[in-house]
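Asks: give me a 3D structure for the following:
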Amino acid sequence: MLNGALLEGRLTVTPHPLLSLAVFEASFASPLGELPLDVEVLRLLDTPAREGPGGAPFVIDDVVRGAIRDVLRAGGFKPTGRNKPSSEYLGGAVERGPMPRINLPVDAANAVSRHGGLPISVVDADRLDGAAVIRNGDVGESYVFNASGQVIDVEGLVGLADAQGACANAVKDAQRTKTHAGTRRVWVLVWGSRVLTSPGQPTSVALATWMASLIAAAGGAVGTVESWPRT
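Replies: Below is the predicted model of the structure:
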């Protein structure tokens, strides 16, 4: 399998046996800290996710959860405990209390991930340093993932990296590339699995397209949704 180039060559993807990735760029006329919260995004954020047939709009079950965990296991990472996919946490978050309001793209990602069952990363595109690549974490590689300074070991975990190292994945994104009040341009990455092809199962392209439509409806400028591997 050959390397792929996405986002007009600004992002390359190295071979992976199970990953199905969808990405797009979005920009905003004002900094995220000045944008109002979107009513439709908030509605989705606060609506409990449903599982199985009849759950809208995707089936989210143990098959889906297992497929995503297998994507993360492929490089030797163990997606259990605090290292489980972010979508698993979000799926039951509303039952634990109201979801936090962060900003338009992150709120949209959390809403779509909860209802679609796939992890989604949102990074500040202007905080990325140099060439960006999708690859497995190197031996001993780690990064700080929150303002408290907590660290995640990403050895073997497929994710986004730049010249400074790994910075986003299906579990936790790095603090240094997260959005902030001044962010005006983001990359969105939906982490899916190539084995999820049955009717009703979530695909990375379907979720990215849905999220892009939410951002566009709220006034954001959205680029083309691209996928890897290309069909």
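Asks: which stretches of this protein form helices?
Replies: 39-46, 62-73, 86-91, 104-116, 204-217 (DSSP state H).
Asks: got the angle between the first one and helix 204-217?
Replies: Interaxial angle of helix 39-46 relative to helix 204-217 (axes from the mean of the first three to the mean of the last three CA atoms, to 10 degrees): 140 degrees.
Asks: okay, buried residues for helix 39-46 please.
Replies: When neighbours are counted by 16 or more other CB atoms under 10 Å, the buried residues of helix 39-46 are found to be 41, 44, 45. From N, CA and C alone the C-beta is placed, and that goes for glycine too.
Asks: what packs against that helix?
Replies: In terms of contacts (3 or more CB pairs under 8 Å, 6 or more residues apart in numbering; DSSP states H and E), helix 39-46 is packed against helix 104-116, helix 204-217.
Asks: who wins for proximity to residue 192 among these?
Replies: Closest to residue 192 of the helices and strands packed on helix 39-46, according to CB to CB: helix 204-217, at 3.1 Å.
Asks: mind listing the strands for this structure?
Replies: Assigned strands in the chain, in chain order: 4-6, 11-13, 19-27, 120-124, 132-136, 142-144, 151-153, 158-162, 165-169, 185-193, 221-222, 226-228 (criterion: DSSP state E).
Asks: go through these and find the least confident stretch.
Replies: Sorting those by mean pLDDT places strand 4-6 lowest, at a mean of 89.
Asks: and that one, which strands flank it?
Replies: strand 11-13 (antiparallel) (DSSP bridges).
Asks: and the partner strand, how far out from the chain's middle?
Replies: Strand 11-13 has its C-alpha centroid displaced from the chain centroid by 15 Å (CA atoms, centre = their mean, to the nearest Å).
Asks: I appreciate the help and will end here.
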